[in-house]
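Q: Structure of the sequence below:
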Amino acid sequence: MWTFVAVIAVIFFYLIVVYNGLVARRNQVREAWATVDTQLKRRYDLIPNLIETVRGAAKHEKETLSAVTNARNAAMSANGPMGADAQNKLTETLKSLFAVAESYPDLKANENFLALQRELTDTETKIQATRQFYNTVVMSLNNQIEQFPSNLIARMFNITPEKMFEIDASERVAPTVKF
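A: Below you'll find the model as predicted:
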């Protein structure tokens with residue numbers, strides 16, 4: 001009789017430990033995405049200032065400035081890791097904005113522009129780091145969800161895998177450089 005009770009107790013405690021581990025990992029994923037979101041917000045806040053600085057020096061580059069503004073708005077409206085395509089599009093348009101800036105010596109020497117460019121570069125680096133951390137914790141959660149016997153517990157409590165933050169296929173192609 002006591003053996004049966006001990007076995008049931010061990011199973012029960014094992015269930016609690018695995019469930020708590022799954023919940024902790026799921027919360028880690030949520031926290032990691034919130035960190036990505038914070039860095040994206042910082043990026044969104046910097047972009048209008050950068051655009052206005054460039055606009056003052058390069059008034060005839062409206063197409064590039066409009067593309068950056070539109071990409072920023074699309075990225076802001078995209079929610080969660082499912083909005084990776086919009087974030088990637090914004091990254092691409094920012095590259096074109098910096099290419100435009102290279103054409104204007106006065107703009108490159110503008111202290112405000114240089115400070116904003118450094119801030120945005122720093123933010124982009126932080127975004128990459130937080131995306132990497134997010135993918136790491138998603139992988140950890142997804143591994144635990146798929147591995148036996150924790151997969152049974154995950155299924156029992158409807159804990160589902162999360163989606164990795166991925167780039168789209170067009171960004172996997174190496175750019176061509178023409179002189």
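
Q: Show me what the helix or strand hosting residue 19 is packed against.
A: Secondary structure from DSSP states H and E places residue 19 in helix 2-57. When contacts are defined as 3 or more CB pairs under 8 Å, 6 or more residues apart in numbering; DSSP states H and E, helix 2-57 sits against helix 62-77, helix 84-102, helix 105-109, helix 111-146, helix 150-156. Bear in mind the C-beta positions are built from the backbone N, C-alpha and C, glycine included.

Q: how about a cut-off of 6 Å?
A: Judged by 3 or more CB pairs under 6 Å, 6 or more residues apart in numbering; DSSP states H and E, helix 2-57 is in contact with helix 62-77, helix 111-146, helix 150-156.

Q: That one versus helix 111-146: what angle between them?
A: Counting by axes from the mean of the first three to the mean of the last three CA atoms, to 10 degrees, helix 2-57 lies at 160 degrees to helix 111-146.

Q: can you tell me the average pLDDT over helix 2-57?
A: With pLDDT averaged residue by residue, helix 2-57 scores 85.

Q: just stretch 89-98 next, same as before
A: Average pLDDT, stretch 89-98: 73.

Q: With stretch 119-133 instead?
A: Stretch 119-133 shows an average pLDDT of 86 in the prediction.

Q: Give me the distance between it and the centre of its chain.
A: A distance of 9 Å separates the centroid of the chain from that of stretch 119-133, by CA atoms, centre = their mean, to the nearest Å.

Q: And that stretch, what's buried?
A: Neighbour-count burial for stretch 119-133, counted by 16 or more other CB atoms under 10 Å, picks out 119, 120, 123, 124, 126, 127, 130, 131, 133.
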